[in-house]
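Peer 1: Fold the stuff below for me.
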Amino acid sequence: MHHTIDVKDLKYTYPDGRRALNGVTLHVAPGEKMALVGPNGAGKSTLLLHLPGLLKGEGQVRLAGMDVGDDDLGRLRAAVGLVFQNPDDQLFSLTVFEDVAFGPLHMGLDEDEVRRRVTEALAAVEMGDYVDRVSHHLSIGEKKRIAIATVLSMTPEILVLDEPTAGLDPRARRNLINLLDKLDITMLVSTHDMAMVAELFPRMAIMDGGVIVAEGETADLLADEALLAEHGLELPWLTSVWPRRG
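Peer 2: Next comes the predicted model:
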């Protein structure tokens, strides 16, 4: 089916011999927003890097109706927007405009179309007033929004984010969650922010040891405390912050 993420029995071993993916199978339906959770070292980031073809393992990866291979990586990477955990890995131009325009320019679009896409992408992340700002002077929260705009300007069919709320203060975190909630796009988000998962993602997948160990409705999986504990996940409600009485 078009506009989906289909991963089947994906395996990957790094050059140093470390096995990161042990047969991952994952499906994200059209328009769905799914969370990918799990402990550090579970293989989440390695999986995400396979989606735009930055890594290539054994198995099948099919995105937006295309098989991930070497034949048409340009078209694939236009269809799949990957936002890294650290926005400084994504922002390397002097100004916000240049960062957001980089992708459309390299697609060979004319100047008017590039400017239109930059305007629309910045409007989508509510950063339209930042077009002439210097990217490396922005706050971490502002940088994360601009990083999302750099992939939205490519008009992707799928948005993939790695730890989008990491390092954000409470206000910036809330603003980013509200932004992700409003974006109407198929989305896969790797995160340790279980409160965001509970609020924003109807379905989730738990990854551990290089495989998907559980996948389903978020409410059902969050209700399974034994499952969460087994895979190093905590419920998003921290009861320890309230003093016990009695």
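Peer 1: Secondary structure class of the residue nearest to the spatial centre of the chain, three-state.
Peer 2: Most central in the chain under CA atoms, centre = their mean is residue 161, positioned 1.2 Å from the mean C-alpha point. Under DSSP: H, G, I helix; E, B strand; the rest coil, residue 161 falls in the strand class.
Peer 1: so it touches residue 190, yeah?
Peer 2: Yes. Counting by CB atoms under 8 Å, residue 161 touches residue 190, with 7.1 Å between them. From N, CA and C alone the C-beta is placed, and that goes for glycine too.
Peer 1: Measure how far the helix or strand in which residue 82 is found is from the centre of its chain, please.
Peer 2: Residue 82 belongs to strand 80-83 when assigned by DSSP states H and E. Computed by CA atoms, centre = their mean, to the nearest Å, the separation of strand 80-83 from the middle of its chain amounts to 7 Å.
Peer 1: can you list the residues that contact the worst-scoring helix or strand of the chain on mean pLDDT?
Peer 2: Across the helices and strands of the chain, the lowest-confidence element by mean pLDDT, DSSP states H and E is helix 73-79, at a mean of 76. If you take CB atoms under 8 Å, 6 or more residues apart in numbering as the criterion, helix 73-79 is touched by 52-53, 63-64, 66, 68, 103, 107, 154-158.
Peer 1: I'd like the distance from that helix to the chain centre, please.
Peer 2: 16 Å.
Peer 1: Show me what counts as buried in that helix.
Peer 2: Neighbour counts over helix 73-79 (16 or more other CB atoms under 10 Å) mark 76, 77, 78, 79 as buried.
Peer 1: Take those and lay them out in a markdown table including distance to residue 15.
Peer 2: Below are those laid out as a markdown table (distance: CB to CB, whole Å):
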| residue | distance to residue 15 |
| --- | --- |
| 76 | 23 |
| 77 | 23 |
| 78 | 28 |
| 79 | 28 |
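Peer 1: Tell me where the model's unsure across this structure.
Peer 2: Along the chain, the model assigns pLDDT under 70 to residues 1-3, 70-73, 236-246.
Peer 1: Among the buried residues of helix 73-79, find me the one that's closest to residue 141.
Peer 2: Nearest to residue 141 among the buried residues of helix 73-79, counting by CB to CB, is residue 77 at 25.7 Å.
Peer 1: what's the distance between the closest one and residue 54?
Peer 2: Separation of residue 77 from residue 54 (CB to CB, to the nearest Å) stands at 9 Å.
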